[in-house]
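J.: quick one, structure for this:
(one chain, ligands or ions: 1)
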Amino acid sequence: MSKIICVLYDDPVTGCPDRYARGDLPNIDRYPDGPTLPTPKGIDFEPGTLLGSVSGERGLRKYLEANGHEFVVTSSKDGADSVLDRELHDAEIVVSQPFWPAYMTEERIAKAPKLKLIVTAGIGSDHTDLKAAVDHDITVAEVTCCNSNSVAEHVVMMALALVRNYLPSYQWVLKGGWNIADCVARSYDLEGMNVGTVAAGRIGLRVLRLLKPFDLKLHYMDRHRLPEALEKELGLTYHASLKSLSSVCDVVTLNCPLHPETENMVNAQSLKDFKRGAYLINTARGKLCDTDAVAAALESGRLAGYAGDVWYPQPAPADHVWRSMPHHGMTPHISGTSLSAQTRYAAGTREILECYFENRPIRDEYLIVQGGKLAGVGAHSYSVSEASKAAS
Ligand code: NAD
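T.: Next comes the predicted model:
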């Protein structure tokens, strides 16, 4: 028998809906770049329902208890009194998610001698200290692809919302106004702008593809250059550095993982290279940016707008400066946890657990750490030398 701890965000304050806004989900069986959606042997949940909050239990209780395992579900994850800390000492598996991350620090990992597997239900495993996972021979897996398109859609939405000044204009409607000049004094067209992504992995590339029909000049940087044919197809300009990309782009979107090479890459110094009035969109990770430097750049006009859904820490405190800085379009961490995405990563989590318990290999594309080293996507997209700095 194994003990599995699953850390989920709280239910809606009004409780889970009796009836959802839509009756079904579109039928998608492959991701845009090829792999199949998760293929568990079975699922015990209703697609399109809240699976990421506590009552949804990621649809795992029936499966796990039927196989004799102990299953603990909680949203209590921070502080020594948290349920996570109380239960961790004999846990074999922790399932967490980036939206409400169980920060699996070196200290926590050291307190869990039976821990063998940490599953990220979603994408982005920086909330686990990957160096400690390597050192303790713990497998870290995530559900690669499950919400790449969800995030890319969010990036496009935020680019349009910032450039067209949508949110302040909507506020005028709520206030009963018809203040057209107030609304449009900061409103532009996206058409013709230079738009660049920092990283062109699954999300960054999807963002480029979705933006292509807007007739933009598209740019990217990545530590792995894309095939020449793809650069030609999308009309991409490659940049070897953030400085080169940010000095020409009107909109910059961050789509790389958080690891020691990328932490704090947008800071007071690097913001000086951005065009005056650039828009910055960060749905990747809050710690890619220096919090105060972003707020200062919005105050000074270096940035015309900042939007995203990732913060540090999460949940963000009520007085986090990004809640009150000017010209922002922040949301809580939601882009990758739409009801559509939840269905996919719940199925992916189930697939990973089935593989683990049945001694079958976990898909290579789901692996971040295995066998005491970076593996799969982890080897491609992360570095680990000082990973403990990135977790915490
Ligand atoms: P991916 O592994 O497909 O792509 C990551 C890309 O980043 C790779 O192409 C890699 O080469 C590049 N990269 C890594 N380090 C780099 C560096 N130092 N400089 C330049 N490029 C670098 O991952 P993905 O699926 O595209 O996801 C990217 C990140 O987006 C995740 O790690 C996660 O942090 C974030 N994410 C956020 C949400 C959300 O809900 N907001 C959801 C999913 C993923």
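J.: give me the number of residues near the residue in the stretch 251-392 of the chain positioned nearest to the ligand?
T.: Across the stretch 251-392 of the chain, no residue is closer to the ligand than Gly336, which sits at 2.6 Å (CB to the nearest ligand atom). Bear in mind the C-beta positions are built from the backbone N, C-alpha and C, glycine included. By the criterion of other CB atoms under 10 Å, Gly336 has 29 neighbours.
J.: mind checking how far it is from Pro98?
T.: 7 Å (CB to CB, to the nearest Å).
J.: now do the shared contacts for those two.
T.: 122-123 (CB atoms under 8 Å, 6 or more residues apart in numbering).
J.: surely the residue of the stretch 251-392 of the chain closest to the ligand and Gly122 touch.
T.: Yes: using CB atoms under 8 Å, Gly336 is in contact with Gly122, at 5.4 Å.
J.: returning to what we had before: phi first, then psi, for the closest residue to the residue of the stretch 251-392 of the chain closest to the ligand other than its chain neighbours.
T.: Taking CB to CB, 6 or more residues apart in numbering, and ignoring the residues beside it in sequence, Gly336 has Asn147 as its nearest neighbour in space, at 3.5 Å. Phi and psi for Asn147, reported as degrees, to the nearest 10, are phi -130, psi 20.
J.: ok, Asn147 - contacts?
T.: Taking CB under 8 Å, 6+ apart as the test, what Asn147 contacts is 122-123, 335-338, 341, 344-345.
J.: likewise for Leu167?
T.: 161, 329.
J.: buried ones in the helix or strand harbouring it?
T.: Applying DSSP states H and E as the criterion places Leu167 in helix 166-174. Using 16 or more other CB atoms under 10 Å as the test for burial, helix 166-174 gives 166-169.
J.: go on, stretch 43-59?
T.: Quick answer for stretch 43-59 (16+ other CB under 10 Å): 43, 45, 47-54, 56-59.
J.: please identify the helix or strand for Val72.
T.: strand 70-74.
J.: ok, residues contacting that strand?
T.: 1-8, 54, 57, 60-61, 64-65, 82-84, 87, 91.
J.: right, and the helix or strand after it?
T.: Next element after strand 70-74 (DSSP H and E): helix 83-87.
J.: which other helices and strands contact that following helix?
T.: strand 3-7, strand 70-74 (3 or more CB pairs under 8 Å, 6 or more residues apart in numbering; DSSP states H and E).
J.: and the contacts of it?
T.: Against helix 83-87 from outside (CB under 8 Å, 6+ apart): 3, 5, 7, 72, 74, 76-77, 79, 94, 102, 108, 111.
J.: related to what we said a few turns ago, show me which of the contacts of Asn147 is closest to Glu358.
T.: Tyr345 (19.9 Å; CB to CB).
J.: give me the secondary structure label for that closest one.
T.: Following DSSP: H, G, I helix; E, B strand; the rest coil, the label given to Tyr345 is helix.
J.: so it touches Gly122, yeah?
T.: Yes: if you go by CB under 8 Å, Tyr345 and Gly122 touch, sitting 5.4 Å apart.
J.: what is in contact with those two at once?
T.: With CB under 8 Å, 6+ apart, Tyr345 and Gly122 have common neighbours 97, 143, 146-147.
J.: quick check: closest non-adjacent residue to Trp26.
T.: No, residue 26 isn't Trp; it's Pro. Here the residue nearest Pro26, using CB to CB, 6+ apart, is Ser340, at 7.8 Å.
J.: what's the burial count for that neighbour?
T.: For Ser340, using other CB under 10 Å, the count is 18.
J.: likewise for Val195?
T.: Neighbours of Val195 (other CB under 10 Å): 24.
J.: packing partners for the helix or strand encompassing it?
T.: Here Val195, judged by DSSP H and E, is contained in strand 194-198. In terms of contacts (3+ CB pairs under 8 Å, 6+ apart), strand 194-198 is packed against helix 202-211, strand 217-221, helix 242-246, strand 251-254.
J.: report the strands that pair with the shortest one, each with its relative direction.
T.: Right, strand 251-254. When pairs are called by DSSP bridges, strand 251-254 turns out to pair with strand 194-198 (parallel), strand 278-282 (parallel).
J.: going along the chain from the last one, find the next helix or strand for me.
T.: Right, strand 278-282. helix 291-300.
J.: can you convert the helices and strands packed on strand 194-198 into CSV and add a column each for mean neighbour count and distance to the ligand?
T.: Output for these, formatted as CSV (neighbours: other CB atoms under 10 Å; distance: least, CB to the nearest ligand atom, whole Å):
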stretch, mean neighbour count, distance to the ligand
helix 202-211, 24, 3
strand 217-221, 22, 6
helix 242-246, 19, 8
strand 251-254, 26, 8
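J.: low pLDDT regions in the stretch 151-300 of the chain?
T.: In the predicted model, the stretch 151-300 of the chain carries no residue with pLDDT under 70.
J.: what's whatever residue of the stretch 151-300 of the chain ends up closest to the ligand in contact with, if anything?
T.: For the stretch 151-300 of the chain, the residue closest to the ligand is Gly201, as judged by CB to the nearest ligand atom, at 1.7 Å. The contact partners of Gly201, by CB under 8 Å, 6+ apart, come to 222, 255-256, 381.
J.: and what of Tyr9?
T.: So Tyr9 contacts 52-54, 75, 97, 99-100 (CB under 8 Å, 6+ apart).
J.: mind doing that once more with 6 Å?
T.: 53, 75, 99-100 (CB atoms under 6 Å, 6 or more residues apart in numbering).
J.: what is the nearest of the residues you listed to His154?
T.: The closest of those, once distances to His154 are taken by CB to CB, is Phe99, at 12.6 Å.
J.: how many neighbours does that closest one have?
T.: Counted with other CB under 10 Å, Phe99 comes out at 24.
J.: chain neighbours aside, what residue packs nearest to it?
T.: His333 (4.4 Å).
J.: what helix or strand is the one you found located in?
T.: Per DSSP H and E, there is no helix or strand for His333.
J.: next, find the distance separating it from Thr237.
T.: In terms of CB to CB, His333 sits 30 Å off from Thr237.
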